[in-house]
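In: could you work out the structure for the sequence below:
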Amino acid sequence: MCANKATTLENEIDLGKTEKILEKYQTIKGALIPILQKVQDEYGYVPEEAAYLVADRLGIYPSQIFGVLTFYTQFHLKPRGKYIMKVCCGTACHVKGAPGILDRLQATLNVQAGETTADNIFTVERVNCIGACSLAPIIVVNKDAHAKVVSDDVANIVNDLKAREA
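Out: From the prediction side, this is the model:
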C-alpha cells in the first residue's frame, strides 16, 4: 500500500532499482542497513518513496526506517550534488583558516554547509575531522584531496569542477 502511494508522487522515482535490491536482501534477517546503503548507492540518497517500499516489503513501520535514516549521518534524505565538497574544520584546519575557506566556498556556490546547489552539481559539507592534519586546511571533493588550501584557491577548485561539466 505504501509503495503504490509513493510511486504517484510528482517527482516519480524509478523504484525498480529498489525492487532489485529487496529481491536480493529482504529475506536476510538484520539486512535493513545494508539494504538502505545499497538504495543510497543507487540513487545518491534514499528517496522517501524507496524508504516506504523498504518498510512495506520488510513488514516494518516507516517510522523505523526513518529512525535509522536520521540516526546515521551516512544516510541522506535529499538529493546530493555530483561533487561532495567536504571542508575539514577540525582543530588543525580551524587554526589554519578553515572557517574562512568554508565561508568563501559557501559564498562562491551560494549555499550553506549541508546544502546542495540548485543544479545538483555541488554539495557543501562541514566535517569535524578528515584525519589529514598535516595537510591542513583541506577540502575533499568526492575522493580528491585539496591540501593546504587558502581562501583564494576556492574559486579555482570550483571553476575546475564546473569546467568538467561543460
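In: show me the domain layout of the chain.
Out: Residue ranges of the domains in the chain are recorded as 2-71, 83-165, according to automatic domain parsing.
In: now the first one, how far from the centre of its chain.
Out: So that's domain 2-71. Taking the mean of its C-alpha atoms, domain 2-71 sits 16 Å from the chain's own mean (CA atoms, centre = their mean, to the nearest Å).
In: by mean pLDDT, show me the worst of the domains of the chain.
Out: The stretch with the lowest average pLDDT out of the domains of the chain is domain 2-71, scoring a mean of 87.
In: helix/strand/coil for residue 76?
Out: coil (DSSP: H, G, I helix; E, B strand; the rest coil).
In: next one: it from residue 146, what distance?
Out: Using CB to CB, to the nearest Å, one gets 22 Å for the distance from residue 76 to residue 146. C-beta coordinates here come from the backbone N, C-alpha and C atoms, glycine included.
In: check residue 36 too.
Out: When distances are taken as CB to CB, residue 36 and residue 146 turn out to be 30 Å apart.
In: which residue ranges form the strands in the chain?
Out: Per DSSP state E, the chain carries strands over the ranges 83-88, 122-127, 139-141, 144-146.
In: pretty sure residue 140 is touching residue 83, no?
Out: No - the pair residue 140 and residue 83 fails to qualify as a contact (CB atoms under 8 Å) at a distance of 10.4 Å.
In: who has more neighbours, those two?
Out: For residue 140 versus residue 83, the count of surrounding residues by other CB atoms under 10 Å is larger for residue 83: 22 against 19.
In: identify the residues contacting the more buried one.
Out: Contacts for residue 83 were tallied using CB atoms under 8 Å, 6 or more residues apart in numbering; they are 121, 122, 123, 141, 142, 161.
In: bridged to it, which residues?
Out: On DSSP bridges, the residues paired with residue 83 through beta bridges are residue 122.
In: then the one 4 residues further on?
Out: Per DSSP bridges, the residues bridged to residue 87 are residue 126, residue 139.
In: quick one: it and residue 122 touch, right?
Out: No - counting by CB under 8 Å, no contact exists between residue 87 and residue 122, whose distance comes to 11.9 Å.
In: hang on, residue 111 packs against residue 124?
Out: Yes - assessed by CB under 8 Å, residue 111 is found in contact with residue 124 at 5.5 Å.
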